[in-house]
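K.L.:
sequence and predicted structure, then a few things I'm wondering about:
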Amino acid sequence: MNPHDTATVKRNASPDIGFAESALGQRLLQVLANGSASNRSIADYLLRNQMRATALGIEELAEACQVSTATISRFARDLGFKNYAAMRGAVAETLQAVLQPVDKLRNNIARRARSASPALESLNYAEAAVAASRQSLDGGAMDKVVAALTGARTVCVLGFGLSSHLAGILAMHLQPFCPHVVEVAGSGGTEVAAGHLANITGKDVLVVISLPRYALDVVRLAQFARDRGATVVAVTDSPASPLAGLGHHVLYAHSVHPVLPSSSSATLAVIEALVVALMVSNKSNVAKAARLTEAISAYLCGPDPVSSSSISKEGARKRRADKKK
């Protein structure tokens, strides 16, 4: 692979996804998966901080990665570059190709952020994260995930920390449309999750959600499920994520935030997009959605959420009885 070749950049991708899919990005991902500890640290930094790296001298990059300048120089040569300056130039060249289609969006967000309050700036970042995730979303990949969920005996959903709430939302949305859905962590921790996954097989799907800061146990449990033959769907933020290499299918949701360790706004949007894709994938799911609406309509406040003709007689009877109380 020629590390100087930037022609393979996916121009419609968001910056970090597009950079990772370039020839240089693919080489960095290989180092991230198989390199030494020091080289993995450098590759991870370059994959996550391409823009910043183009402005760093070799001493500054060495300090950021907590390695020596000699290690940085060897890293550059191992990638096929004459020296660090040549590697930094290739990063800049690749990044320029990636950024061209999104420069306008980034500039607009930046202009608004400069004059915004911290709260509004946070909303601007959420908007940018959703837009970037939309650019990264591959319709074919989403269809494959839907097919995997549809054919699964059991769909297990896993997330720890803040991701546990996202896992709960996804599990709740999937329940009407999948034969068996298990939120494997729930209110418990690793031991509870491991117990649920103990009997996972090749007939099952594990959807695992993790954003920075990544939980080590999530990675271990995802690896366990994959080793048992289960299909692993990873919902994460970057090709540099430890889950990216474990997922048979990967859905990227951008999570960069100026204050929080990560933002879950785009992840929630991707979850909703996945659920919608599943709901409309076949007529039986549309019928299931209608039955669900009918089942819960008697317990909702306000105007009827569905027409009276679609409400069951029992539901209508209960609503009338409740109004008389």
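P.N.:
Sure, I can see it.
K.L.:
buried ones in the host helix or strand of A147?
P.N.:
Counting by DSSP states H and E, the element that carries A147 is helix 139-151. Across helix 139-151, burial judged by 16 or more other C-beta atoms under 10 Å covers 142, 145-146, 148-150. The way it works is simple: take the backbone N, C-alpha and C, and place the C-beta from them, glycine included.
K.L.:
repeat that for stretch 63-80.
P.N.:
For stretch 63-80, using 16+ other C-beta under 10 Å, the buried residues are 65, 67, 71-76, 79.
K.L.:
show the model's pLDDT score for the closest residue to N39 other than its chain neighbours.
P.N.:
Closest residue to N39 apart from its sequence neighbours, by C-beta to C-beta, 6 or more residues apart in numbering: V31 at 5.2 Å. Each residue has a pLDDT score; the one for V31 is 91.
K.L.:
can you tell me the SS state at V31?
P.N.:
Look at V31: counting by DSSP: H, G, I helix; E, B strand; the rest coil, its state is helix.
K.L.:
where does this structure have low pLDDT?
P.N.:
1-16, 97-116, 187, 286, 290-295, 298, 302-325 (pLDDT under 70).
K.L.:
just the strands in it please.
P.N.:
155-158, 181-183, 205-209, 231-236, 249-252 (DSSP state E).
K.L.:
ok, now which ones touch A222?
P.N.:
Contacts for A222 (C-beta atoms under 8 Å, 6 or more residues apart in numbering) come out as 158, 206, 208, 232, 234, 243, 246-247.
K.L.:
which strand residues bridge the residue positioned nearest the centre of the chain?
P.N.:
In the chain, the centroid-proximal residue (C-alpha atoms, centre = their mean) is T236; its distance is 2.7 Å. Beta-bridge pairing of T236 under DSSP bridges involves Y252.
K.L.:
how much space separates it from L251?
P.N.:
Distance, T236 to L251, using C-beta to C-beta, to the nearest Å: 8 Å.
K.L.:
dump stretch 56-68 to CSV, restricted to CA.
P.N.:
What follows is stretch 56-68 as a C-alpha-only set of coordinates in CSV (Å, rounded to 0.1, in the frame of the first residue of the first chain):
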residue,chain,number,x,y,z
LEU,A,56,2.6,19.8,15.8
GLY,A,57,6.4,19.5,15.7
ILE,A,58,7.9,16.2,16.4
GLU,A,59,8.6,17.1,20.0
GLU,A,60,5.0,18.1,20.6
LEU,A,61,3.6,15.0,19.0
ALA,A,62,6.0,12.9,21.1
GLU,A,63,4.8,14.6,24.3
ALA,A,64,1.2,14.1,23.3
CYS,A,65,1.7,10.4,22.7
GLN,A,66,4.1,10.0,25.6
VAL,A,67,6.8,8.5,23.5
SER,A,68,10.3,9.7,22.4
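K.L.:
many thanks, we can stop here.
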